[in-house]
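**Student:** Attaching a predicted model along with its sequence, questions to come.
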Amino acid sequence: MESKVTNKTANNRLRIAMQKSGRLSRESQALLKQCGVKINWNEQRLIAYSENMPIEILRVRDDDIPGLVFDGVVDLGIIGENVLEEEELGRLQAGDNISYKLLKRLDFGGCRLSLAVPKDFIYNHIQDLQNARIATSYPNLLRRFMQQQEIAFKNCLLTGSVEVAPTAGLANAICDLVSSGATLEANGLKEVEVIYRSKACLIQRSSELDVEKQALVERLLTRIQGIQQANESKYIMLHAPKNKLTEITALLPGVEHPTILPLAEDNSKVAMHVVSQENLFWETMEKLKAVGASSILVLPIEKMME
Ligand SMILES: Nc1ncnc2c1ncn2[C@@H]1O[C@H](COP(=O)(O)OP(=O)(O)OP(=O)(O)O)[C@@H](O)[C@H]1O
Ligand SMILES: O=P(O)(O)OC[C@H]1O[C@H](OP(=O)(O)OP(=O)(O)O)[C@H](O)[C@@H]1O
Ligand SMILES: [Mg+2]
């Protein structure tokens, strides 16, 4: 009897797929934590359960996440747009139907898919890659770009170590992910074309969720929205001479109506508190000080709800 109850509980959990270990894992876990979802992470386990919400996490290789969502095996997935679109193109080409809902672009996993060539390769234009052999783990995104450019090329599919392909004599160029450019630099390569810009995103399966699960998804989305908004905002406090309020307000980014509070023992000044949608740069702080502001504090905001 009891096992049936346990099963039912497990079946009603919102199932989220995320990368087990790699570039997206730490921030995917951090996002759930910021949303107030407590997970008992165990490095060895494929499935992790939340202690405080009906949520379970399926920890897999990132390549498998789009398919798990398309096929409705999981309810949500956190995945790089590059992998999502690569899988989408692959399935479309195979004549398969794909459907999913893009819920949100996330603030991590930012990178670009670029073409790169050895440093001594004289590159002026994409036509310099006509009939080149290009190593990549993203054959579909590469093919789409080269077709748009009307450039013929030979594909060399590698699932890893793409950046060593030119030195190893496997290819003339590569098409791989770049962030800081350190990997290209370390392998004597230079970036010549950006073909795709990517961030992590949250996707949902297209088949309907039951009412409770969908309500939980909406709650998570509201919380993610609050986290993103807070990350982009700052709480600014300063003291301002009463006769300079207009000038000071004009200097604060995106602020129209600051909160004004009296100071206990100084009648010539007030305290101004504002939430700004932008960071306050040193240059603006210097200008504020020059106009007469003092005790300027810029504080991070953790969460927001309007
Ligand atoms: N240098 C980077 N900076 C930021 N984000 C990146 C970077 N490299 C990759 N990413 C993003 O993170 C995703 C996962 O990258 P990672 O290198 O961990 O993948 P992987 O080696 O294919 O992992 P897996 O073992 O899960 O298949 C990429 O698809 C991309 O969206
Ligand atoms: O421009 P950079 O900042 O150097 O980043 C780019 C590198 O990051 C990713 O690999 P990762 O380090 O995640 O390792 P992997 O190739 O083993 O997956 C990507 O595949 C590049 O190789
Ligand atoms: Mg992968």
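**Tutor:** Perfect, thanks for sending it. Residues are numbered from 1 along each chain as shown. Ligands and ions are numbered 1, 2, ... in the order given.
**Student:** Roughly how far does the residue nearest to Gln34 when sequence neighbours are not counted sit from Asp107?
**Tutor:** Spatially, and ignoring its direct neighbours in sequence, Gln34 is nearest to Ile227 (5.1 Å; C-beta to C-beta, 6 or more residues apart in numbering). (Each C-beta comes from the backbone N, C-alpha and C, glycine too.) Distance from Ile227 to Asp107, counting by C-beta to C-beta, to the nearest Å: 8 Å.
**Student:** which residues does the residue nearest to Gln34 contact?
**Tutor:** Residues in contact with Ile227 (C-beta atoms under 8 Å, 6 or more residues apart in numbering) are 31, 34-35, 303.
**Student:** Pick out whichever of those sits closest to Gly188.
**Tutor:** Of all the contacts of Ile227, Gly188 sits closest to Leu31, with 36.2 Å by C-beta to C-beta.
**Student:** A strand includes the closest one, no?
**Tutor:** No: the assignment for Leu31, made by DSSP: H, G, I helix; E, B strand; the rest coil, is helix rather than a strand.
**Student:** That one: neighbouring residues, count only.
**Tutor:** Here the count is done by other C-beta atoms under 10 Å, and Leu31 has 23 residues near it.
**Student:** wait, it sits on Ile224?
**Tutor:** Yes: here Leu31 reaches Ile224: they are 6.9 Å apart, a contact under C-beta atoms under 8 Å.
**Student:** anything in contact with each of the two?
**Tutor:** Taking C-beta under 8 Å, 6+ apart as the contact rule, Leu31 and Ile224 both touch Leu106.
**Student:** what pLDDT does the residue nearest to Gln34 get?
**Tutor:** pLDDT for Ile227: 94.
**Student:** what mean pLDDT does the strand or helix carrying Val298 have?
**Tutor:** Per DSSP states H and E: Val298 is located in strand 294-300. Averaged over strand 294-300, pLDDT sits at 95.
**Student:** Just the residues contacting that strand, thanks.
**Tutor:** With contact meaning C-beta under 8 Å, 6+ apart, strand 294-300 is reached by 230, 234-239, 269, 279-280, 285, 288-289.
**Student:** ok, of the residues you listed, which one's closest to Tyr196?
**Tutor:** For the contacts of strand 294-300, the nearest to Tyr196 is Asn279 (28.0 Å; C-beta to C-beta).
**Student:** what sits against the closest one?
**Tutor:** Listed by C-beta under 8 Å, 6+ apart, the contact set of Asn279 reads 234, 253, 298.
**Student:** again, only using 10 Å
**Tutor:** Neighbour list for Asn279: 232-234, 236, 253, 298, 300 [criterion: C-beta atoms under 10 Å, 6 or more residues apart in numbering].
**Student:** need the contact list for the closest residue to Ala132 other than its chain neighbours.
**Tutor:** In this structure, Ala132 finds its nearest non-sequential neighbour in Asn172, 4.2 Å apart by C-beta to C-beta, 6+ apart. Counting by C-beta under 10 Å, 6+ apart, Asn172 touches 117-118, 121, 128-129, 131-135, 153-154, 156, 165-166.
**Student:** just Leu68 next, same as before
**Tutor:** 15, 17, 58, 60, 74-77, 79, 205.
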